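Asker: I would like the atomic coordinates for the input below:
(2 chains)
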Protein chains: 2
Amino acid sequence: MSAETSASYPVDEINRVRRLHERGRYDVETVHRLLDSAALCHVSYVIDGQPYCTPTLYWREGSRLYWHGSSASRMLRNLSEGEPACLTVTQLDSLVLARCGFNHSADYRAVMAFGHARQVENQEEKARALVMMVDRFFPGRTAQLRQSTEQEIKATAVISMKIERASAKIRSKGVGDDEEDYALPIYAERVPVNMVLGAAEPCKRLLPGVERPANLAPYREGRKLEDAVREAYCIAYAEVVGG
Amino acid sequence: MSAETSASYPVDEINRVRRLHERGRYDVETVHRLLDSAALCHVSYVIDGQPYCTPTLYWREGSRLYWHGSSASRMLRNLSEGEPACLTVTQLDSLVLARCGFNHSADYRAVMAFGHARQVENQEEKARALVMMVDRFFPGRTAQLRQSTEQEIKATAVISMKIERASAKIRSKGVGDDEEDYALPIYAERVPVNMVLGAAEPCKRLLPGVERPANLAPYREGRKLEDAVREAYCIAYAEVVGG
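Answerer: Residues are numbered from 1 along each chain as shown, chains lettered A, B, ... in the order given. Here you go, the predicted structure:
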């Protein structure tokens, strides 16, 4: 384990896991691994005291999270000033049916990342972000595409948030009943759930002879989305798995 | 379509879909159908100006949303006073690879529901909620379980939020390139993603002869989670599909 991956995010009143705190993790390796294994997050922000929870695609680069949207969106207009935000990623792994209602649960892995979100104004940083927005999921793809126009670049706002605090919360034990309840003649089970890739559907208007490029290989039918997204991350940032 | 399902949630500055507003829907039928087809949501709330985004299991009953947690959790202590909240449910349906970076996207269905969240204090309402927290997903299951203890009931806080505003946002068109880009020799595709149930894993400590009850039939291997959750909802609330 490298010095970087053995480090932890600072823990304070904002990110300390309180409920079932034994499920809490703050080490950078756990937090980053979860962040790099998903495409969809939910971002919370506040306008005039009203909280909003918005789903969006996102990615991590170092200790920064990035997400995007049109310059016109409610969230982006607000966050461009540097607003407190919370970006959460959740992988649901199972539904858990126990022997009493209280122990019904779910297995899951979640990360909450806290920081101040700002619109990326620096043109160099924005140009890089617009490449990685695609290439982080499909390494090398931008070079295969029609180049972005000035208007498209202008219309795409990129938001960046340095992770100031983070916590991971993981439940993976399946059925966990009170010891005395195991003696009861009650059925209990764990129902696994997985986000799985279907067969890719090529655009019906492809020109003759245009074939699926090799760099999309991580995305194959039946694979877990998180495995493909994680593999793409490692290729895009040329890191070894686990880094 | 009944009078109820033809109704719409009011639209104002808080819930109006701004970015790509043609994707916005406000009708009760669309909003409720999406809410009834998922188990996991993300709830946003504010403490001292800091937004939090917390994943949790939830369910709908009429125009109310319910979710739960320990009385000790950060969110629940705050929301018990009736705090503004936003509960969001997102189904990711695909990743979309277009012929330029700008048109890369995802198909998804999302609902944002706004209201004021309060802890359920009324004992009758709480007792019903503790049953439906389980039975909404596994109809009839509470009657098969060891009864909840006073201590368990006390330790389980239930949060309720009347839906004051809501919006659904749906993208389902797959690849959508600029008309002139279809003439380019660039590969484009839609990669479907589905949340799928695995084979149920019976608890290893089941007593001999204890078999899987028939009421868990909606949860079978290979099925989409949302179809199982939707079927369970219809059975639990004795409604016809589509209602």
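Asker: Restricting to C-alpha, output stretch A:101-121 in PDB.
Answerer: Output in PDB follows, covering the C-alpha atoms of stretch A:101-121 (Å, rounded to 0.1, in the frame of the first residue of the first chain):
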ATOM      1  CA  GLY A 101     -38.700  -6.500  10.700                       C
ATOM      2  CA  PHE A 102     -36.000  -4.600  12.500                       C
ATOM      3  CA  ASN A 103     -33.200  -6.700  10.900                       C
ATOM      4  CA  HIS A 104     -34.500  -6.300   7.300                       C
ATOM      5  CA  SER A 105     -31.800  -4.400   5.500                       C
ATOM      6  CA  ALA A 106     -29.700  -4.100   2.400                       C
ATOM      7  CA  ASP A 107     -26.100  -4.600   1.600                       C
ATOM      8  CA  TYR A 108     -24.600  -1.500   0.000                       C
ATOM      9  CA  ARG A 109     -21.400   0.500  -0.500                       C
ATOM     10  CA  ALA A 110     -21.800   4.300  -0.400                       C
ATOM     11  CA  VAL A 111     -19.500   7.300  -0.400                       C
ATOM     12  CA  MET A 112     -20.400  10.800   0.700                       C
ATOM     13  CA  ALA A 113     -17.800  13.400  -0.500                       C
ATOM     14  CA  PHE A 114     -18.000  17.000   0.900                       C
ATOM     15  CA  GLY A 115     -16.500  20.100  -0.500                       C
ATOM     16  CA  HIS A 116     -17.100  23.400  -2.300                       C
ATOM     17  CA  ALA A 117     -18.100  23.100  -5.900                       C
ATOM     18  CA  ARG A 118     -17.000  25.600  -8.500                       C
ATOM     19  CA  GLN A 119     -17.500  26.000 -12.200                       C
ATOM     20  CA  VAL A 120     -14.200  25.400 -14.100                       C
ATOM     21  CA  GLU A 121     -13.300  28.700 -15.700                       C
END
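Asker: Which positions in it come out as buried?
Answerer: A:101-115, A:117-120 (16 or more other Cβ atoms under 10 Å in any protein chain shown). Placement of C-beta: from N, CA and C, glycine included.
Asker: same check, this time on stretch A:123-139
Answerer: Buried-residue list, stretch A:123-139, by 16+ other Cβ under 10 Å: A:126, A:128-139.
Asker: just checking, which of the buried residues of stretch A:101-121 belong to strands?
Answerer: Under the assignment DSSP state E, the buried residues of stretch A:101-121 contribute A:105-115, A:117-119 to strands.
Asker: filter the residues you listed by proximity to chain B?
Answerer: Among these, the residues within reach of chain B (Cβ under 8 Å from any Cβ of the partner chain) are A:106, A:108, A:110, A:112, A:114.
Asker: Quick one: residues contacting residue A:108.
Answerer: A:90, A:91, A:92, A:93, A:169, A:170, A:171, B:40, B:55 (Cβ atoms under 8 Å, 6 or more residues apart in numbering or on different chains).
Asker: what bits of chain A have low per-residue confidence?
Answerer: Where chain A drops to pLDDT under 70, the residues are A:1-6, A:69-80, A:239-243.
Asker: So which residues of it form helices?
Answerer: Secondary structure of chain A (DSSP state H): helices at A:3-6, A:28-35, A:74-79, A:123-135, A:150-155, A:225-236.
Asker: right, is the longest one up against chain B?
Answerer: Which is helix A:123-135. Yes - using Cβ under 8 Å from any Cβ, helix A:123-135 reaches chain B at A:130, A:131, A:133, A:134.
Asker: Tabulate those (TSV), appending distance to residue A:28.
Answerer: Formatted as TSV, the residues of helix A:123-135 next to chain B follow (distance: Cβ to Cβ, whole Å):
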residue	distance to residue A:28
A:130	26
A:131	25
A:133	23
A:134	26
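Asker: closest to chain B among those?
Answerer: Distances from chain B to the residues of helix A:123-135 next to chain B, taken as Cβ to the nearest Cβ, are shortest for residue A:134 (4.9 Å).
Asker: What is the end-to-end distance of stretch A:33-51?
Answerer: In stretch A:33-51, first residue to last residue: 28 Å (Cα to Cα, to the nearest Å).
Asker: buried ones in it?
Answerer: A:33-46, A:51.
Asker: how many neighbours does residue A:185 have?
Answerer: By the measure other Cβ atoms under 10 Å in any protein chain shown, the count of residues near residue A:185 is 10.
Asker: right, and it touches residue B:210 too?
Answerer: Yes - using Cβ atoms under 8 Å, residue A:185 is in contact with residue B:210, at 5.3 Å.
Asker: Spell out the residue ranges of the strands in chain A.
Answerer: With strands called from DSSP E, chain A shows them at A:24-25, A:40-47, A:50-61, A:64-70, A:83-97, A:105-119, A:156-162, A:165-171, A:189-197, A:201-202.
Asker: Which strands or helices does the third one pack on?
Answerer: Contact analysis of strand A:50-61 by 3 or more Cβ pairs under 8 Å, 6 or more residues apart in numbering or on different chains; DSSP states H and E lists strand A:40-47, strand A:64-70, helix A:74-79, helix A:123-135, strand B:40-47, strand B:83-97, strand B:105-119 as its packing neighbours.
Asker: Now tabulate the ones you listed in TSV and tack on distance to residue A:22.
Answerer: TSV is the format used below for the helices and strands packed on strand A:50-61 (distance: least, Cβ to Cβ, whole Å):
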stretch	distance to residue A:22
strand A:40-47	24
strand A:64-70	26
helix A:74-79	34
helix A:123-135	36
strand B:40-47	21
strand B:83-97	27
strand B:105-119	24
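Asker: any residues touching stretch A:135-144, and which ones?
Answerer: Residues outside stretch A:135-144 that contact it (Cβ under 8 Å, 6+ apart): A:39, A:57, A:59, A:61, A:131, A:134, A:213, A:215-216, A:219, A:229, A:232-233, A:235-237, B:95, B:97, B:101, B:186-187.
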